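Enquirer: I would like to see how this sequence folds:
(chains A, B, C and D)
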There are 2 protein chains.
Amino acid sequence: MTTINEVAERAGVSTATVSRVLNGKDTVDSELVARVLTAAEELGYRPNGPARNLRRQKTPVLALIISDVENPFFTAISRGVEDVAHSAGYSVVLCNSDDDPDKERSYVSVALQERVAGILLSPTGRTSGSELLSCSRIPFVALDRPLPDTTGDTVLVDTRSAAEQATRHLVERGYRRPGCITGPRGVPTAEERLDGYLRGLRAVGQHDSERLVRRCEFRAAGARRAAQELLDTEQPPDSLLVANNVMALGVMETLAERGLRAGGDVGLVAFDDAPWAGLLDPPLSVVAQPAYDIGTVGAQLLLDRIGDSRRRNTTTTLSARLIARASSHPG
Amino acid sequence: MTTINEVAERAGVSTATVSRVLNGKDTVDSELVARVLTAAEELGYRPNGPARNLRRQKTPVLALIISDVENPFFTAISRGVEDVAHSAGYSVVLCNSDDDPDKERSYVSVALQERVAGILLSPTGRTSGSELLSCSRIPFVALDRPLPDTTGDTVLVDTRSAAEQATRHLVERGYRRPGCITGPRGVPTAEERLDGYLRGLRAVGQHDSERLVRRCEFRAAGARRAAQELLDTEQPPDSLLVANNVMALGVMETLAERGLRAGGDVGLVAFDDAPWAGLLDPPLSVVAQPAYDIGTVGAQLLLDRIGDSRRRNTTTTLSARLIARASSHPG
DNA sequence: AACTTCCGAGAAAACGATTACCAGGACACG
DNA sequence: CGTGTCCTGGTAATCGTTTTCTCGGAAGTT
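Expert: The predicted structure is shown next:
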């Protein structure tokens, strides 16, 4: 690898001058600028990032830690983050925590170690890397889920009222016993959606029963089991509110296996819209979260904080909207 | 940020000793080890990554540059890469080139600059960052698509014969005029799939006509337009081979808008399986590519090359398999 | 012409780790 | 007891940049 020294030597100037030219300082004679540029070109010189970052004490990189790359909700967030970051001259590195607190911790640790400029995190909720974050001075933003015990910038979606609305929607459409499949205990998004569901039931005068609720990981496999369990109970639910789109696929597989049809046999509303949701059989009613916006808002917040570390912490809450399709239409 | 000096001072030893302890060298007195460890713990010391990487002249990070984070095919690859890399002690940073040669180039450039240990790239095909790569000495592996003019490790899928097989499948199922929607000119995967399609037609004695072929970006919007165009021709195709899963969604939307049903009205086979493919209306026939394996094989190849830079270049070709569902079943 | 001002460019000091090298002490052996 | 060996741990060089100083010369002012 060629270094700045070799470029300086070939151009017949000092390394300081090379550095100045390459960083666009305007105090260099145009003759020298030309010499440096051609020398750098000829040698295929490319500055050493780690050295530069060490000296500058900062790295133009944002870390985005999400819990599932295969979930379109999170990839949409990542697009939002990337668009904003990119236009501000930052690169984004995407890390996939798999909803595993250990992996999350380890990624936070790596990010801190590499001295990234900032971190966007959708926390698993449990212990997670939050202590690490809060005791370091690195700017960060929590996305989708609040960070336990830590006050920091946060971008949330009001899924509680969305869940409530979705539940009422099911009842209004004529379903009598809506059930709920949500995420693990302690995960804020899971709790919120469950809470919204319970409120929705109460609002329409239904007795809420934990017997119609199941919890599982935010994965298809768990949702499949949960759906099977619920359908096998003595008084099975006649409709379901499902806490994310990956789980919804699991539920639909289960229905298909049993020859049940979503909508007609079991009403279904799931969180997260996806490009394929309207093309399923039947088209899936969803609570569409503004995923892309979560990304852009979060990234902007992070950039602002990087620019001014003593800003007040803010929490932005975006709202979701129900898109009713055939899966919540009985008969 | 606390530095190794402060740790050394607090522990009453030299920085060299701190470094030795923290890197697990065994030549240090256990008394000192304990002192260093507690000092580091108390100060919340975390080594400065850039400094370490600068000194060590390497970074335990692999860059994975893919063309679309929202495409499940690529996210599956990324899981494969990550699993292998992680268990070998490497982090993976995921970069999203958006199938834009400029973005790709820029990401390759950043990766080189940051001196990552290796690069996994699914090239856009056109000029792209290949010159950058080949003239640097950084190990790299091309995934899914070969790198133009460059010999290097490559992991491919034999989509030519898969496309041929899929085309024959359509004809065998009774469709008479299969059309094809493929990717942009010059993109190897697009050309291969088109070529396979043409061969398939010839194999069953059909005259191949470019009039049944459309090209567009690997996006839903382009595919929608392409499908509309094809359906509006005087002699429209009665079935379609579509070059990836994102495009397939666009095509299905178009069919739905026109009140046409995949299978009964227009046969449909698309590349890439996805969790939702079997749940669409109708279930989508696909050519399933071993995406996760592309990732694991590619990552392993890259690690091998990092370990031994003078290995011979290899090209691994995996095979795809047709999964016939209802969308390729007439009537 | 003498003095100040300013500006461009080089020399050298950081940045924070790792590691080659060296010094000093303990121990063993003749 | 003297000398050689080994082992531990400190000193300082090093990685490749950026940036602060500093200095020399040109330009401007009186």
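Enquirer: hmm, which helix or strand of chain A has the shakiest average pLDDT?
Expert: Sorting the helices and strands of chain A by mean pLDDT, DSSP states H and E puts helix A:130-135 at the bottom, at a mean of 74.
Enquirer: And for A:Gly307, the neighbour number?
Expert: 10 (other C-beta atoms under 10 Å in any protein chain shown). In this view, the C-beta of every residue, glycine as well, is placed from N, C-alpha and C.
Enquirer: Residue of the stretch 201-331 of chain A nearest DNA strand C, please.
Expert: A:Ser309 (16.9 Å; C-beta to the nearest atom of the strand).
Enquirer: Apart from its chain neighbours, what residue comes closest to that residue?
Expert: Leaving aside its chain neighbours, A:Ser309 sits nearest to A:Pro139 (6.6 Å; criterion: C-beta to C-beta, 6 or more residues apart in numbering or on different chains).
Enquirer: In this structure the residue of the stretch 201-331 of chain A closest to DNA strand C contacts A:Ile138, no?
Expert: No: assessed by C-beta atoms under 8 Å, A:Ser309 is found out of contact with A:Ile138, at 9.8 Å.
Enquirer: Compare these two (neighbour count), which wins?
Expert: Between A:Ser309 and A:Ile138, counted using other C-beta under 10 Å, A:Ile138 has the larger neighbour count: 20 against 10.
Enquirer: That one reaches A:Ile119, doesn't it?
Expert: Yes: with contacts counted by C-beta under 8 Å, A:Ile138 reaches A:Ile119, the gap being 6.1 Å.
Enquirer: okay, and the common contacts of those two?
Expert: Residues touching both A:Ile138 and A:Ile119 by C-beta atoms under 8 Å, 6 or more residues apart in numbering or on different chains: A:Ala111.
Enquirer: Quick one: residues contacting the residue nearest to A:Ser309.
Expert: With C-beta under 8 Å, 6+ apart, A:Pro139 has these contacts: A:Ala117, A:Gly118, A:Ile119, A:Leu302, A:Arg305, A:Ile306, A:Ser309.
Enquirer: Kindly recompute the last result at 6 Å.
Expert: A:Gly118, A:Leu302, A:Arg305, A:Ile306 (C-beta atoms under 6 Å, 6 or more residues apart in numbering or on different chains).
Enquirer: what's the neighbour count on A:Gln235?
Expert: Going by other C-beta under 10 Å, the residues that sit close to A:Gln235 add up to 9.
Enquirer: Just give me the neighbour total for the closest residue to it other than its chain neighbours.
Expert: In space, and not counting its chain neighbours, A:Gln235 is closest to A:Arg177: 7.1 Å by C-beta to C-beta, 6+ apart. By other C-beta under 10 Å, the residues close to A:Arg177 number 18.
Enquirer: and A:Arg177, how far is that from A:Ala190?
Expert: 21 Å (C-beta to C-beta, to the nearest Å).
Enquirer: any idea how far A:Asp238 is from the residue in the stretch 151-300 of chain A positioned nearest to DNA strand D?
Expert: Per C-beta to the nearest atom of the strand, A:Ala299 is where the stretch 151-300 of chain A lies closest to DNA strand D, at 24.2 Å. Distance of A:Ala299 to A:Asp238, computed by C-beta to C-beta: 42 Å.
Enquirer: Also A:Gly205?
Expert: In terms of C-beta to C-beta, A:Gly205 sits 17 Å off from A:Asp238.
Enquirer: Which of these two has more residues huddled nearby?
Expert: Neighbour totals were compared for A:Gly205 and A:Asp238, and A:Asp238 leads with 17 against 7 (other C-beta under 10 Å).
Enquirer: residues touching that one, list them.
Expert: A:Tyr175, A:Arg176, A:Arg177.
Enquirer: Out of those residues, which is nearest to chain B?
Expert: Relative to chain B, the closest of the contacts of A:Asp238 is A:Tyr175; by C-beta to the nearest C-beta it sits at 21.1 Å.
Enquirer: Can you get me a residue count around the closest residue to the closest one other than its chain neighbours?
Expert: Setting aside the residues directly before and after it, A:Tyr175 is nearest to A:Ser239 in space (C-beta to C-beta, 6+ apart), at 3.7 Å. By other C-beta under 10 Å, the residues close to A:Ser239 number 27.
Enquirer: do you know how far the residue nearest the centre of chain A is from B:Thr154?
Expert: Nearest to the mean C-alpha position of chain A, counting by C-alpha atoms, centre = their mean, stands A:Phe74 at 4.2 Å. Relative to B:Thr154, A:Phe74 is positioned 29 Å away (criterion: C-beta to C-beta).
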